[in-house]
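A.B. asks: take a look and give me a structure for this.
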Amino acid sequence: MKYRLSIIFTIILFLVISTRVHAVAPTIFIPHFSGTIPFEQTSIFWFGQVTPTQNYADVRVGYDDQELYLYFAVFDRRLWYNQSPGSPDLISWDTMRVSIDTTPETNVLDETVFRLTAQLNPGGTQTAYQKGEQGTGTNFTITQLQFTTLPGWRGDALNNDGDDRGWAMTYRLPFTSLHVATPGVGIRWRVGIELFDRDDQIGTSIPMNVWPQGFTSSDPITWGTFEFGLPEYQVPQTTQDQTVTIRHKLNGVVALDASVGGGSVCGDGLDFWSEWGNKNYTLEPNIYIQNQSDVADWPCFSKIYLTFPVTPVPVGKVITSATLTLHQFGNAGEVGQAQDSHVQVSEAATDWNENVITWNNAPQSRNNASYSWVAPIITFPGWPGVARTWDVTWLFNKNYQAQTPLHLVMYSSDSAYHSGKYFVSADTGDWNEVGRPTLTVTYGNPAVTPDLDQNSKVNMLDTALLLLNFGTSQFDLTGDGVVNGNDVKELLFNWGIL
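C.D. replies: Below you'll find the predicted structure:
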C-alpha cells in the first residue's frame, strides 16, 4: 500500500510540474520553408498594448535550411532613433532586442545565450544600429555575430513630436552564426523579446514591453519557446467511432466568440491611440480577421477569439478528428482587389470575457497548430455563407485530455492590402444558427486498452509499464502519438484513482 501511494504521489507531482511549466512557457511553432520564406505564411504572435505611450508588436517567424526569419511590426505613436550612430546605448531609443538560448535542456542559462539588438533608423548601412552579444542571461560580451536587419517606418517623420503610425524591423539570423546546424523538427529554443520605446527628445522613461509576459533575462522559466516544425496529430486506432457537433446554443452548449480590433470599418470614429485598443464589440453579429504588411494600416487589423467546451465528448474516449468551421459572408476590397488570406488558429493563453475583451486586454497566443487559406467571395451564395474549415484535432485533443475548455484565437500574417475576411458570429440570430462557429469532433474507444499487461485489471503493474515506455508510442492511450502525462492520467482514471 505504501509503495502504491508513493508511485501515485510521484505521478501526480510529475503532472503538476509539467502543467506549471506549460502554463508559464508559451510555445510558438515555426514553419519550415524550402527556398524563399513567404511572408504571408509565417507564424504570427503578438504582445504589448496600443495607447498614446505604450507599444504593441506583431511578430512573424519562419525558417529555411539556412536561417531564422523574424519580422516585427510595431504600433508606435512617436518614433525616435539616435542620430549619432555608433553609440553603444541602443536601447534608449525605439529598439527591439531578441534573446535566444539554443540549448534549453536544463533550467540554466549558459554561454549558448545570444542577444540580438536592432534600433529603428532611416535605413542604409545597419552596422551602427545593431549589436550581437553572447553570454549567460546576465553577463554578455559583444561578439561578431553575423545577422542582418532591415528597418522601416510609417508616419509623419522620425525624431519629432508629430503622430506617426509605427515601425518595422526584419531580422535574418543564419544558423551558422549561432554555431548550430539547421534545427530538426521538434528542436526547441528558449526565446525572450524586449521592445524599448522612446517618445520624446529628452527620453522620458517608458516601461518596456516583453514577450512572453513576465519575461526576465536572468530567469529561464520566464522565457518562451520556439519549436521548429508544426505539430502533427497521429490518428489513433479506435473502435465504435461517433461524431458530435459543438455549436453555441445547440443542445444547450455555450460557445462564445468575440472580435477585437478595427472590424470592417477600420475603427472609424475612434481615436486610434486612446480608444481603438480599448473598444469592446459585445453581441456584434459578425467577427473579423484582418492583417497586412503595411504597419500604417493597423487600425484595420482584427482578431477572433472563440471558446468551445470539450464536455460534449464523453470522458475516456480517443479523439480521431476535430474540424473548426466558420461561415464567411464577405471580405475587404472589391472584386479584383480582394486577396486570399492565410489564417492561423492558435490557442489563447488564458480564458477571456466576451463583455470586456478588447485588443489591449485580450490573451496572447500559444500553440499555433492550424492554418488554412481563405479566398475572397466573388458571388455571395446566400446564408449561412461560405463554409471555411481548419483542422484543429491536435489542439482539441490536448484540451480534451486536460478536460479544459478550448480557447482559440484566429489571426493572419497576410501581406496584401484588401485581405480581410468577415465571418458569422455565435451571436447571430437563430435564423442563421447553422452559420455559427462550429466544431465537428469524431471520437471512439481506444484500440489500446489501459490493461497493458492483459491480466484483466488495471493496476500498479500497468502504471509501471506505462512509465517505462514514457516518450514512446507503444502504449499511447490518448492518440497524441506519444506516451506522456496524458496517458498516465487516462490510466489513473481507468484505475479509479482520478
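
A.B. asks: so which residues of the stretch 1-150 of the chain form helices?
C.D. replies: For the stretch 1-150 of the chain, applying DSSP state H, counting those that start in this stretch gives helices covering 2-24.

A.B. asks: flag the shaky bits of it, pLDDT-wise.
C.D. replies: Where the stretch 1-150 of the chain drops to pLDDT under 70, the residues are 1-24, 106-107.

A.B. asks: which residues of it fall in strands?
C.D. replies: For the stretch 1-150 of the chain, strands defined by DSSP state E, counting those that start in this stretch occupy the ranges 27-30, 43-48, 56-63, 67-75, 95-101, 113-119, 130-135, 140-142, 148-155.

A.B. asks: got the CA positions of the longest one in CSV?
C.D. replies: Extracted C-alpha coordinates of strand 67-75, given in CSV (Å, rounded to 0.1, in the frame of the first residue of the first chain):
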residue,chain,number,x,y,z
GLU,A,67,18.3,31.0,-41.4
LEU,A,68,15.7,32.0,-38.9
TYR,A,69,13.5,34.9,-40.1
LEU,A,70,11.8,37.3,-37.7
TYR,A,71,9.7,40.3,-38.6
PHE,A,72,8.3,42.8,-36.1
ALA,A,73,5.5,45.3,-36.9
VAL,A,74,5.3,47.9,-34.0
PHE,A,75,2.4,50.2,-33.4
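
A.B. asks: before we move on, the earlier item: for the strands of the stretch 1-150 of the chain, which one sits closest to A255?
C.D. replies: Using Cβ to Cβ as the measure, strand 43-48 is the one of the strands of the stretch 1-150 of the chain that comes nearest A255, at 23.8 Å. Every residue, glycine included, has its C-beta placed from N, CA and C.

A.B. asks: what does the closest one contact?
C.D. replies: 26, 28-31, 54-62, 75, 193, 195, 209-213, 291, 344, 346, 364-366, 368, 411-413 (Cβ atoms under 8 Å, 6 or more residues apart in numbering).

A.B. asks: would N432 count as being in a helix?
C.D. replies: Yes: the assignment for N432 is a helix, going by DSSP: H, G, I helix; E, B strand; the rest coil.

A.B. asks: relative to G192, how far out is it?
C.D. replies: Shown here: N432 relative to G192, a distance of 44 Å by Cβ to Cβ, to the nearest Å.

A.B. asks: the more surrounded of the two?
C.D. replies: Taking neighbours as other Cβ atoms under 10 Å, N432 and G192 compare with G192 leading, 24 against 16.

A.B. asks: tell me the pLDDT at the more buried one?
C.D. replies: Listed pLDDT for G192 reads 97.

A.B. asks: please state the backbone phi and psi of it?
C.D. replies: Torsion angles at G192 (phi, psi; degrees, to the nearest 10) stand at phi -140, psi 150.

A.B. asks: any idea what it is bridged to?
C.D. replies: Beta bridges link G192 to S99, judged by DSSP bridges.

A.B. asks: surely it touches W223?
C.D. replies: Yes: look at G192 against W223 with Cβ atoms under 8 Å: they come within range, at 4.8 Å.

A.B. asks: just to revisit the earlier point, give me the buried subset of the contacts of strand 43-48.
C.D. replies: By neighbour count, with 16 or more other Cβ atoms under 10 Å, the contacts of strand 43-48 hold 26, 28-31, 54-62, 75, 193, 195, 209-212, 291, 344, 346, 364-366, 368, 411-413 as buried.

A.B. asks: ok, A168 to L465 distance?
C.D. replies: Noted for A168: a distance of 53 Å to L465, by Cβ to Cβ.

A.B. asks: out of these two, which sits in the busier spot?
C.D. replies: Per other Cβ under 10 Å, whichever of A168 and L465 has more neighbours is A168, with 20 against 15.

A.B. asks: just list whatever residues bridge to the more buried one.
C.D. replies: Counting by DSSP bridges, A168 forms beta bridges with A73, G152.

A.B. asks: overlap in contacts, G192 and W223.
C.D. replies: Common neighbours of G192 and W223, using Cβ under 8 Å, 6+ apart, are 99, 212, 215.

A.B. asks: and which of those residues is nearest to G261?
C.D. replies: Checking the shared contacts of G192 and W223 against G261 with Cβ to Cβ, the nearest one is P212 at 21.1 Å.

A.B. asks: and the closest one, what is it in contact with?
C.D. replies: Applying Cβ under 8 Å, 6+ apart, the residues near P212 are 24-26, 47, 192, 222-224, 364.

A.B. asks: from the residues you listed, pick the one nearest H327.
C.D. replies: Nearest to H327 among the contacts of P212 is Q364, at 27.0 Å by Cβ to Cβ.

A.B. asks: so how far is F47 from that closest one?
C.D. replies: According to Cβ to Cβ, Q364 stands 6 Å off from F47.

A.B. asks: list residues touching both of those two?
C.D. replies: Common contacts of Q364 and F47 (Cβ under 8 Å, 6+ apart): 211-213.
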